[in-house]
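[1] Quick one: sequence and predicted model below, then my questions.
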Amino acid sequence: MKVVIIGGVAGGATAAARLRRLDETAEITIFEKSGFISYANCGLPYYIGGTIEDKDELTLQTPESFYSRFHVNIKVLHEVTAINPDIKTVTVKNLCDGKIFDEKYDKLIISTGAKPVKPKFSGIDQNNIFTLRTVEDTLTIKNYIETHNPRSAVIAGGGFIGIEAAENLKQSGLDVTIIQGDPHLMLPFDSDMAAFIHSEVRRNGIELMLDSMVEEFEEQNGKTLVKIQGGNSVTADMVILAIGVVPDASLAGDAGLKQGIRGSICVNDRMQTSDPDIYAVGDAVQIKNIVTSKDTLISLAGPANKQGRIAADNICGLDSRYNGGQGSSVIKIFDLTAAVTGINEKAAADAGIKYDKVILSPMSHAGYYPGGRIMTMKVIFEKESYRILGAQIIGFDGVDKRIDVIATALRSGLKAYELSELDLAYAPPYSSAKDPVNIAGYMIENLKNGIVKQWYYEELDELLRDSRVTLLDTRTPGEFSRGHIDRFINIPVDELRSRISELDKSKPVYVICQSGLRSYIASRILTGYGFEAYNFAGGFRFYDAVSNDKAMNEKCTPCGMDY
């Protein structure tokens, strides 16, 4: 059996290694148009910033090491220019000498990945405007920084690559501005959770221009003038385009294979395309979102690795299936860690799913053990069924652990309230006896059983205008004096029973505290006295972060001035 693989990196290299482990006699060839067969895409920004000092550390395998271990023929700097399904060949161009030849296959795997979005803006081909996707891109940027000593940079795009590039350029001493076309950074997160990301980015001296669309570039005395819709502009010594990626699937389309959203490759759960002898894996393929059951694109290394393995299994006669992805991901943002799994509120609403949420601010480990840090968690679940839809966590220590637990629970089909039943490891340096994941489950269980009712940030403006409700802050007088919401009266939770006569029982009471715990206790006290009570989801800490971010974003709204 002869297997040809188009593209290496996560999907193609994994498929090749799995093929060899399953079949020692197969003839396996990888054609890779770049000069690197297997490298760490996610580590590329950290080489630019110097965290990874040796560029060789980015290369997981060389053609020589890969052949030595797996006896796979690696042809780097070889670009497949056409797939010919009728005669089962691919047309290949040797990028070193320009020679073109055909290669036969019995089975073909397409692992062409995704390519950076590069709009046809005027001036986009200047030599100080870069994309960041391959090792070659990284080396080019690093060389430019070392030879030209730029002092400022604009990052167009505020997703994973954009933020990581911004952080590393900032740590290299550059003044950095992120221009994001959407109202907030990191779109897998909801805008309220993104407030914590914005705060950390700004705290580290990066300028944010949100809801701002780049429309063209202009060379200006050796610098680049980045023009933005509405008349605003920014001048920088260099620009990195991180607007997003699209499937690099033109080969499949030209070969007549069925295509999906944004030109991606349609595959079944065995990773077969519309041609049963051709498989496709990685960022180029359309998959199912396991939460919504809708077609989607997920450009992450984890799914690509799984898909490569599954394609190899099926080529070798096993029955392996890919049932879809949920987009679990994590990112370091200076000192902060932000992680997400499943879908956010916007995606749930767009999918027509009736949902609810809990927001909490637990400590990363036992409060009495030194070094604990607060994290912010949001867990989203379907009303009635209590199916877990997704989670977002932002904090410092322990974020990755908790998101992985919830991701596993989501995948396993646990109900959101069953998070309370998980038997999780505990020792004071690592967690609390009631882990944050357990606490989220307890909160959802209380909602399910009608023990507590919630109110949310987005309801605040209407409540402030409503004289038929009581707004109650149950923090201490000292906390209240340092900041509170207008119209809220202050009765500390520990004084509530003795001062209950100060409240009008005919009015529903909307309660807030710092994190949500004291206001929950207050809600139970009020309910016990016959009041209708609602507990604020997230606490004053959450309100303060979101409202401050909103004010900052309005302050920084583009106004036609040069920055």
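    Received the coordinates, thanks.

[2] Quick one: classify Tyr279 as helix, strand or coil.
    Classification of Tyr279 using DSSP: H, G, I helix; E, B strand; the rest coil returns strand.

[3] so what's it up against?
    Neighbouring residues of Tyr279 by CB atoms under 8 Å, 6 or more residues apart in numbering: 15, 107-110, 267, 270-273, 311, 314-315. Bear in mind the C-beta positions are built from the backbone N, C-alpha and C, glycine included.

[4] again, only this time at 10 Å
    3, 5, 11, 15, 107-111, 265, 267-268, 270-273, 285, 307-308, 310-312, 314-315 (CB atoms under 10 Å, 6 or more residues apart in numbering).

[5] what number of residues lie near the nearest residue to it once chain neighbours are set aside?
    Sequence neighbours aside, Ala311 is the residue nearest to Tyr279 in space, at 4.1 Å (criterion: CB to CB, 6 or more residues apart in numbering). By the criterion of other CB atoms under 10 Å, Ala311 has 33 neighbours.

[6] Could you look up the SS state of Ala311?
    Going by three-state DSSP: Ala311 is helix.

[7] what does Asp283 give?
    What three-state DSSP gives for Asp283 is helix.

[8] So what's the residue count around it?
    The number of residues packed near Asp283 is 28, by other CB under 10 Å.

[9] Would you check that it makes contact with Gly12?
    No: with contact defined as CB atoms under 10 Å, Asp283 does not reach Gly12; the gap is 11.3 Å.

[10] Buried ones among the contacts of Tyr279?
    Buried subset of those (neighbour count, 16 or more other CB atoms under 10 Å): 3, 5, 11, 15, 107-111, 265, 267, 270-273, 285, 307-308, 310-312, 314-315.

[11] Do a quick rundown of the strands in the stretch 51-200 of the chain.
    With strands called from DSSP state E, counting those that start in this stretch, the stretch 51-200 of the chain shows them at 59-61, 73-76, 78-84, 89-94, 100-104, 107-110, 114-116, 129-131, 152-156, 175-179.

[12] next one: the stretch 301-450 of the chain
    329-333, 336-342, 355-360, 376-382, 388-395.

[13] ok, back up a step: dump the strands of the stretch 51-200 of the chain into CSV; add distance to Ser506 and mean pLDDT as well.
    Below are the strands of the stretch 51-200 of the chain laid out as CSV (distance: least, CB to CB, whole Å; pLDDT from 0 to 100):
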stretch, distance to Ser506, mean pLDDT
strand 59-61, 68, 72
strand 73-76, 77, 94
strand 78-84, 73, 98
strand 89-94, 77, 98
strand 100-104, 81, 98
strand 107-110, 68, 98
strand 114-116, 59, 91
strand 129-131, 62, 94
strand 152-156, 54, 96
strand 175-179, 50, 97
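
[14] which of those strands sits most buried?
    Across these, averaging neighbours per residue (mean count of other CB atoms under 10 Å) puts strand 107-110 on top, at a mean of 27.

[15] show me the residues around Val76 that make contact.
    Applying CB under 10 Å, 6+ apart to Val76 gives the contacts 8, 30-37, 62-63, 95-96.

[16] likewise Lys505?
    By CB under 10 Å, 6+ apart, the contact set of Lys505 is 470, 526, 529-532.

[17] List just the one of the strands of the stretch 301-450 of the chain that sits closest to Phe130.
    For these, the distance to Phe130 is smallest for strand 329-333, at 20.4 Å, taking CB to CB.

[18] Tell me the helices and strands packed up against that closest one.
    In terms of contacts (3 or more CB pairs under 10 Å, 6 or more residues apart in numbering; DSSP states H and E), strand 329-333 is packed against helix 160-171, helix 191-203, strand 336-342, strand 388-395, helix 399-412.

[19] Name the stretch among those that sits most buried.
    Burial of these is given as mean neighbour count (mean count of other CB under 10 Å); strand 388-395 ranks first at a mean of 27.

[20] Cross-check the contact I'm expecting between Arg419 and Ser412.
    Just to correct that, residue 419 is Leu rather than Arg. No: contact criterion CB under 10 Å: Leu419 and Ser412 do not qualify, at 11.2 Å.

[21] any shared contact partners between these two?
    By CB under 10 Å, 6+ apart, Leu419 and Ser412 have these common neighbours: Ile388.

[22] how close does Ser481 sit to Leu460?
    Plainly put, Ser481 is 20 Å away from Leu460 if you go by CB to CB, to the nearest Å.

[23] who's more crowded, these two?
    Between Ser481 and Leu460, counted using other CB under 10 Å, the more crowded position is Leu460 (19 against 10).

[24] quick one: which helix or strand includes that one?
    For Leu460, the host element (DSSP states H and E) is helix 460-464.

[25] So which residues make contact with that helix?
    Under CB under 10 Å, 6+ apart, the answer for helix 460-464 is 455, 469-471, 485-488, 508, 510, 512, 534, 536, 543, 546-547.

[26] Of those, grab the buried ones for PyMOL.
    Burial among the contacts of helix 460-464 is assessed by 16+ other CB under 10 Å; the matching PyMOL selection reads:
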select buried, resi 455+469+470+471+485+488+508+510+512+534+536+543+546+547
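
[27] Just the contacts of helix 460-464: which are in helices?
    Applying DSSP state H to the contacts of helix 460-464, the entries found in helices are 543, 546-547.

[28] Could you find the closest non-adjacent residue to Thr134?
    Spatial nearest neighbour of Thr134, excluding adjacent residues (CB to CB, 6+ apart): Ser34 at 5.3 Å.

[29] And Ile161, by the same measure?
    That would be Ala242: by CB to CB, 6+ apart, it lies 4.4 Å from Ile161.

[30] what's near enough to touch that neighbour?
    With contacts defined as CB under 10 Å, 6+ apart, Ala242 is in contact with 45, 116-117, 130-133, 155-166, 178-180.

[31] same thing but at 8 Å, please
    By CB under 8 Å, 6+ apart, the residues touching Ala242 are 116, 131-132, 155-159, 161-162, 165.

[32] Kindly report the same for Phe531.
    By CB under 8 Å, 6+ apart, the contact list for Phe531 reads 503, 505, 508-509.

[33] Strands - which of these land there?
    Among those, the ones falling in strands (DSSP state E) are Val509.

[34] Quick check: closest non-adjacent residue to Ser320.
    Spatially, and ignoring its direct neighbours in sequence, Ser320 is nearest to Asp313 (3.7 Å; CB to CB, 6+ apart).

[35] sorry, back to before: out of the ones in helices among the contacts of helix 460-464, which one sits closest to Lys378?
    Nearest to Lys378 out of the ones in helices among the contacts of helix 460-464 is Val546 (CB to CB; 11.6 Å).

[36] My read is that that closest one contacts Tyr457, right?
    Yes: with contacts counted by CB atoms under 8 Å, Val546 reaches Tyr457, the gap being 5.8 Å.

[37] any common contacting residues for the two?
    By CB under 8 Å, 6+ apart, the residues touching both Val546 and Tyr457 are Asp192.

[38] just to revisit the earlier point, could you export the strands of the stretch 301-450 of the chain as a markdown table, including mean pLDDT and distance to Glu146?
    A markdown table is the format used below for the strands of the stretch 301-450 of the chain (pLDDT from 0 to 100; distance: least, CB to CB, whole Å):
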| stretch | mean pLDDT | distance to Glu146 |
| --- | --- | --- |
| strand 329-333 | 96 | 24 |
| strand 336-342 | 98 | 29 |
| strand 355-360 | 98 | 45 |
| strand 376-382 | 98 | 39 |
| strand 388-395 | 98 | 34 |
